[in-house]
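**Q** Build me a model:
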Amino acid sequence: MNWLIDAQLPRKLAIYLCDHGENATHTLDLPESNRTSDKEICRLSEAEDRIVVTKDSDFMDSYLLKKSPPKLLVVSVGNISNTRLIEIFDTCFQEILKSFSESDFIEVTISGLIIHQNQ
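**A** Alright, predicted model coming up:
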């Protein structure tokens, strides 16, 4: 799968995904870096078939209203350390991969995944 990690999340998450055989890019790697607009992130996600990974609720609103980005992983864990974030991903990574075959919108929480039904 292809992933696009938004600015509020650490580059370490993109590295984690790459280490697990995924194709992941962080906004820091884009020409506008962390100043890349939400509109451009959505455009890139569509053009490159990338799942947007974010903490930003604006993407959730955009997904629900316009289904843009086409695939979304919202990280709803509050303020935690980067190490704890990676631990959470490590615990549910296989389930995340499987869930994207069933849904285009998933949330990661401290206690597990929320799989939103496609509309």
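**Q** Span of stretch 99-108 from start to end?
**A** In stretch 99-108, first residue to last residue: 11 Å (C-alpha to C-alpha, to the nearest Å).
**Q** ditto for stretch 58-72
**A** Using C-alpha to C-alpha, first and last residues of stretch 58-72 are 11 Å apart.
**Q** now do stretch 92-109
**A** Span of stretch 92-109 from end to end, C-alpha to C-alpha: 10 Å.
**Q** mean confidence for it?
**A** Averaging pLDDT along stretch 92-109 gives 96.
**Q** What are the buried residues along it?
**A** Across stretch 92-109, burial judged by 16 or more other C-beta atoms under 10 Å covers C92, F93, I96, S99, F100, D104, F105, I106, E107, V108. All C-beta spots, glycine's among them, are computed from the backbone N, C-alpha and C.
**Q** residues contacting F100?
**A** With contact set as C-beta atoms under 8 Å, 6 or more residues apart in numbering, F100 has these partners: M1, I51, K71, I106.
**Q** Can you say which of those are buried?
**A** Here, 16+ other C-beta under 10 Å leaves I51, K71, I106 buried among the contacts of F100.
**Q** show me what contacts the last one?
**A** If I follow you right, that is I106. L72, L73, V74, I96, S99, F100, L113, I114, I115, H116.
**Q** Helices - which of these land there?
**A** I96, S99 (DSSP state H).
**Q** Adding distance to R84, write the contacts of I106 out as a markdown table.
**A** Listed next are the contacts of I106 as a markdown table, based on distance: C-beta to C-beta, whole Å:
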| residue | distance to R84 |
| --- | --- |
| L72 | 22 |
| L73 | 17 |
| V74 | 17 |
| I96 | 16 |
| S99 | 21 |
| F100 | 23 |
| L113 | 16 |
| I114 | 19 |
| I115 | 22 |
| H116 | 24 |
